[in-house]
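>>> I'll drop the sequence and a predicted model, then ask my questions.
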Amino acid sequence: MYSYPYSYTHTYTYTPFFSFILPIIAAIVVIAGGLALYFLFARKANHFQGMIAKLHDALNFRTFYTEKIIRALYCITVVGIVVYSVILLFSQFFTALLLFVLGNLTARVVYEYALLLLVLCRNTQEINRKMGPLPEEQPIPPAPGAGPAPAAPQQSPVTPVNPQPSASPQTHAPVPPQEAAPQTPVPPQDGQQP
């Protein structure tokens, strides 16, 4: 017969492969696989068909699956609240009633807020797609007193073009500036003061 207490022996051996080397190898494989997937598949234009095209859209976030997941989670949450409040109804009536009303209301508000963020993002993407690329923006002039203005880009000198070509070159003498005619003061009219 066996004597009490039973003698169990357990020996622990430290293997650095499973605790140190294997996680490093796994991290390298994960990073290399992710980069390869991005550069060889996701970054290219979607010219694929069928299931591969759906995978390409999912990897480039053109399709939002989170919205469908949130709707399914909302349905599961509502059913869970209703079932739990029915079970609770037999032992604590007012708590079950409160849970049924406030639990469903709180779940609705939380999931609507999450869906609101997703729909807002989707609508913004659709607006950007419809607008197309924006034209280049003009540089904003510096505010007065903000410091020296940046140097303007150098432009090639433009030679003036004579609108009416002449058959023979003419030399024009400089025109002297005309003196302004003396102005005579206007006498004030009745009711006006000079």
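Here it is on my side, so go on.

>>> can you pull out the helices in this protein?
16, 22-37, 51-59, 66-89, 93-131 (DSSP state H).

>>> buried ones in the longest one?
By neighbour count with 16 or more other Cβ atoms under 10 Å, helix 93-131 contains the buried residues 96, 99-100, 103, 107, 111, 114. All C-beta spots, glycine's among them, are computed from the backbone N, C-alpha and C.

>>> ok, so of these, who is nearest Ala27?
Ala27 has its nearest neighbour among the buried residues of helix 93-131 in Ala114, at 31.6 Å by Cβ to Cβ.

>>> about what we covered before: export the helices of the chain as TSV, with columns for mean pLDDT.
Formatted as TSV, the helices of the chain follow (pLDDT from 0 to 100):
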stretch	mean pLDDT
helix 16	71
helix 22-37	90
helix 51-59	83
helix 66-89	92
helix 93-131	91
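
>>> closest to Pro141 out of these?
Here helix 93-131 is closest among the helices of the chain (Cβ to Cβ), at 26.0 Å.

>>> tell me what the closest one is packed against?
On a contact count with 3 or more Cβ pairs under 8 Å, 6 or more residues apart in numbering; DSSP states H and E, helix 93-131 meets helix 66-89.

>>> hmm, back to that, now distance to Ile140 too, for the helices of the chain, in TSV please.
TSV is the format used below for those (distance: least, Cβ to Cβ, whole Å):
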stretch	distance to Ile140
helix 16	59
helix 22-37	38
helix 51-59	38
helix 66-89	38
helix 93-131	21
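
>>> count of neighbours near Ser91?
Neighbour count for Ser91, taken as other Cβ atoms under 10 Å: 8.

>>> need the pLDDT of it.
At Ser91, the model reports a pLDDT of 90.

>>> distance-wise, check it relative to Pro141.
Ser91 is 73 Å from Pro141, where distance means Cβ to Cβ, to the nearest Å.

>>> with just CA atoms, put stretch 51-58 into CSV.
Included here for stretch 51-58 are C-alpha records, laid out as CSV according to Å, rounded to 0.1, in the frame of the first residue of the first chain:
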residue,chain,number,x,y,z
MET,A,51,-12.7,37.3,-53.2
ILE,A,52,-9.2,38.7,-53.7
ALA,A,53,-10.8,42.1,-54.6
LYS,A,54,-12.7,42.0,-51.3
LEU,A,55,-9.6,41.1,-49.4
HIS,A,56,-7.8,44.0,-51.1
ASP,A,57,-10.6,46.4,-50.1
ALA,A,58,-10.5,45.2,-46.6
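
>>> what sits up against that stretch?
Stretch 51-58 has contacts (Cβ atoms under 8 Å, 6 or more residues apart in numbering) with 41-42, 46, 48, 63, 65.
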